[in-house]
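Chemist: from the sequence below, what's the structure:
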Amino acid sequence: MVTYLKDLYKNSQDYKDKDIILNGWVKTARDSKTFGFIEFNDGTFFKNLQVVYDNSLSNFEEITKVSIYSSIEVQGKFVLTPEAKQPFELKATKVTILGKSEQDYPLQKKGHSMEFLREQAYLRPRTNLFNAVFRVRSVAAMAIHEYFQDRGYVYVHTPLITANDGEGAGEMFQVTTFDLERLDSSKEVPYSEDFFGKKVGLTVTGQLEGEAFAHAFGKIYTFGPSFRAENSNTKTHASEFWMIEPEIAFCDLEGVMDVEEDMLKYIVKTVLEKCKEEMEFLDKFVSNGLINKLETLLNSKFTRITHEEVITILKNANVEWEFKPEYGEDIAKEHEKYITEHFNGPVFITNWPKDIKAFYMKQNPDGKTVAAVDLEVPGAGELMGGSQREEDYNKLLARMNELGMHTEELDWYLNLRRYGTTTHSGFGMGFERLIMYLTGVENIRDVIPFPRTPGNCEF
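Modeler: Below you'll find the predicted structure:
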């Protein structure tokens, strides 16, 4: 029976002096005339296992020439070595090469730039950095599901193909079965003849459909891919990404902030507990102080402050701003950084100017702001954005008309306000933004297995 590296590290005493079989890959290899060493990994644990072999093996000469990332099966005795650098090793009695790796294997044992590794995205999970990042991504995803499932939320799969631009930004990828090369560009596109009989695209958010389900189940969440046809090449934008979007009935803005804070702390705590080796590596080689930053967040009480109060603080700061802060306008990255440093921790910014926020947000009595909230965290800036949703039918309809929206396409959404409306709220969190925060990796392209960005759709 095959043994796994993860089990050896978790229960090494149980395997003391036992004969075991392992399947995995050669991370590095070195040899001398009569013996050799292989750094072995099977993908189940971040750290490697040292395999020791000698010339008593019938295929000794073949093993001394084994190349990096060849797949092998190793049989031998598991020996504890508390006096050595490594806690244990495997003394091989048999090594079988299962799949040779060619000599032109791109990831030889040397430093590689992030740009080069993106070009080798199908191989980069084999490096220590990306092995750590994608293990953290896996654990964080599971923590999100655990958090909501354990608290009675229903997981909803909202559509990926939709006629609704939930954010009103007009940055959707179109979906069509038309032969685009044969369409006459001088004529109006006959969408009524297309597959769905109308103009449709890839979703930018599952929020609107999520609100419908929240008014049946009370608490729901979506966790799936979103798409933005935004021609942006920044470190924080991608054309395909994953979003977490809870929707909660009978919940106001204060209540949704409670959920945001509690959920984030749960995810951080889970990652620190379950990815100890990966986080230590990331702290040492990617972002020094990362673990301390996350542990500090766990013990922080998140500040809650209005957008107007934030602008006042920024205006009174003795700082030469690249972008001057103004009432009624959005804030820049430099402002987000200053505010989290000013309060020495995460900050909820509430009650944003109505004109820079989405149509569905609850309009405040002042007529100028909406019950919206952005969560700013130290070292990353905005991590989540949410709001109390407008539950008043007439106010929502008036706002949609004010923005020139086609209300007939969203009559079902408006009807939610006619058929048992509630005070309800929700938020969205870009999963990749979260992974960047958890790992200290600065570019979104390096926390997505196969990133899709403007001009790039490889693999």
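
Chemist: roughly how far apart are residue 208 and residue 126?
Modeler: Using CB to CB, to the nearest Å, one gets 41 Å for the distance from residue 208 to residue 126. Where you see a C-beta, it was placed from the backbone N, CA and C, and this is true even at glycine.

Chemist: neighbour count for those two, which is higher?
Modeler: Shown here are residue 208 and residue 126; by other CB atoms under 10 Å, residue 208 has more neighbours (21 against 17).

Chemist: pretty sure the more buried one belongs to a strand, no?
Modeler: No - checked against DSSP: H, G, I helix; E, B strand; the rest coil, residue 208 lies outside a strand; its state is helix.

Chemist: which residues touch it?
Modeler: Applying CB atoms under 8 Å, 6 or more residues apart in numbering, we find residue 208 in contact with 164, 166, 360, 410, 413.

Chemist: pLDDT added to these, as CSV?
Modeler: Below are the contacts of residue 208 laid out as CSV (pLDDT from 0 to 100):
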residue, pLDDT
164, 82
166, 67
360, 96
410, 93
413, 96
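
Chemist: in a markdown table, list the residues you listed along with neighbour count, secondary structure and distance to residue 133.
Modeler: Shown next, in a markdown table, are the contacts of residue 208 (neighbours: other CB atoms under 10 Å; DSSP: H, G, I helix; E, B strand; the rest coil; distance: CB to CB, whole Å):
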| residue | neighbour count | secondary structure | distance to residue 133 |
| --- | --- | --- | --- |
| 164 | 20 | coil | 33 |
| 166 | 25 | coil | 29 |
| 360 | 22 | coil | 34 |
| 410 | 21 | helix | 38 |
| 413 | 19 | helix | 37 |
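
Chemist: now, among the residues you listed, which is nearest to residue 95?
Modeler: Closest to residue 95 out of the contacts of residue 208 is residue 166 (55.9 Å), distances taken as CB to CB.

Chemist: any chance of the contacts of residue 208 in JSON lines, with distance to residue 3 too?
Modeler: Below are the contacts of residue 208 laid out as JSON lines (distance: CB to CB, whole Å):
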{"residue": "164", "distance to residue 3": "51"}
{"residue": "166", "distance to residue 3": "49"}
{"residue": "360", "distance to residue 3": "54"}
{"residue": "410", "distance to residue 3": "57"}
{"residue": "413", "distance to residue 3": "55"}
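
Chemist: pick out the most distant pair among these.
Modeler: Among those, 164 and 360 lie farthest apart (CB to CB), at 11.0 Å.

Chemist: quickly list what's touching both of those two.
Modeler: Counting by CB under 8 Å, 6+ apart, the shared contacts of residue 164 and residue 360 are 208, 413.

Chemist: related to what we said a few turns ago, and which of the contacts of residue 208 is nearest to residue 431?
Modeler: Distance to residue 431 across those (CB to CB) is lowest for residue 166, with 17.4 Å.

Chemist: okay, and for this structure, where does confidence drop off?
Modeler: 166-170 (pLDDT under 70).

Chemist: the helices in it, which residues?
Modeler: Secondary structure of the chain by DSSP state H: the helices cover 5-10, 60-64, 114-119, 128-150, 207-217, 253-274, 276-285, 290-298, 307-316, 333-342, 393-402, 411-415, 431-439.

Chemist: what's the closest of those to residue 30?
Modeler: It's helix 60-64; of these, that one is closest to residue 30 (CB to CB) at 9.3 Å.

Chemist: tell me the buried residues in the closest one?
Modeler: Buried residues in helix 60-64, counting neighbours by 16 or more other CB atoms under 10 Å, are found at 60, 63-64.

Chemist: and for stretch 452-459?
Modeler: Applying 16+ other CB under 10 Å to stretch 452-459 flags 452-453 as buried.

Chemist: same thing with stretch 134-152?
Modeler: Here stretch 134-152 shows 134-137, 139-141, 143-144, 147-148 as buried, counting by 16+ other CB under 10 Å.

Chemist: that older thread, most tightly surrounded among the helices of the chain?
Modeler: Ranked by mean neighbour count under mean count of other CB atoms under 10 Å, those are led by helix 431-439, which reaches a mean of 24.

Chemist: and for that one, what's in contact with it?
Modeler: Residues outside helix 431-439 that contact it (CB under 8 Å, 6+ apart): 132-133, 136-137, 140-141, 144, 223, 236, 238, 241-244, 267-268, 271, 282, 286-287, 290, 294, 377, 379-380, 382-383, 441-444, 447-448.

Chemist: would you turn the helices of the chain into a markdown table with distance to residue 457?
Modeler: Supplementary listing: the helices of the chain in a markdown table, determined by distance: least, CB to CB, whole Å:
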| stretch | distance to residue 457 |
| --- | --- |
| helix 5-10 | 34 |
| helix 60-64 | 41 |
| helix 114-119 | 13 |
| helix 128-150 | 20 |
| helix 207-217 | 26 |
| helix 253-274 | 29 |
| helix 276-285 | 28 |
| helix 290-298 | 31 |
| helix 307-316 | 37 |
| helix 333-342 | 27 |
| helix 393-402 | 34 |
| helix 411-415 | 32 |
| helix 431-439 | 17 |
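
Chemist: so for residue 354, which of those sits nearest?
Modeler: That would be helix 393-402 among the helices of the chain, by CB to CB, at 8.3 Å.

Chemist: got the CA positions of that closest one in CSV?
Modeler: In CSV, the C-alpha atoms belonging to helix 393-402 read as follows (Å, rounded to 0.1, in the frame of the first residue of the first chain):
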residue,chain,number,x,y,z
TYR,A,393,-40.0,49.7,-5.0
ASN,A,394,-40.6,53.3,-5.9
LYS,A,395,-37.2,54.5,-4.9
LEU,A,396,-35.4,51.8,-6.7
LEU,A,397,-37.5,52.3,-9.9
ALA,A,398,-36.8,56.1,-9.7
ARG,A,399,-33.1,55.5,-9.4
MET,A,400,-33.0,53.1,-12.3
ASN,A,401,-35.0,55.6,-14.5
GLU,A,402,-32.6,58.3,-13.4
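
Chemist: what packs against that helix?
Modeler: Where contact means 3 or more CB pairs under 8 Å, 6 or more residues apart in numbering; DSSP states H and E, helix 393-402 is packed against helix 411-415.

Chemist: skipping adjacent residues, who's closest to residue 20 in space?
Modeler: With CB to CB, 6 or more residues apart in numbering as the criterion, residue 20 has its nearest non-adjacent residue at 4.3 Å, and that residue is residue 3.
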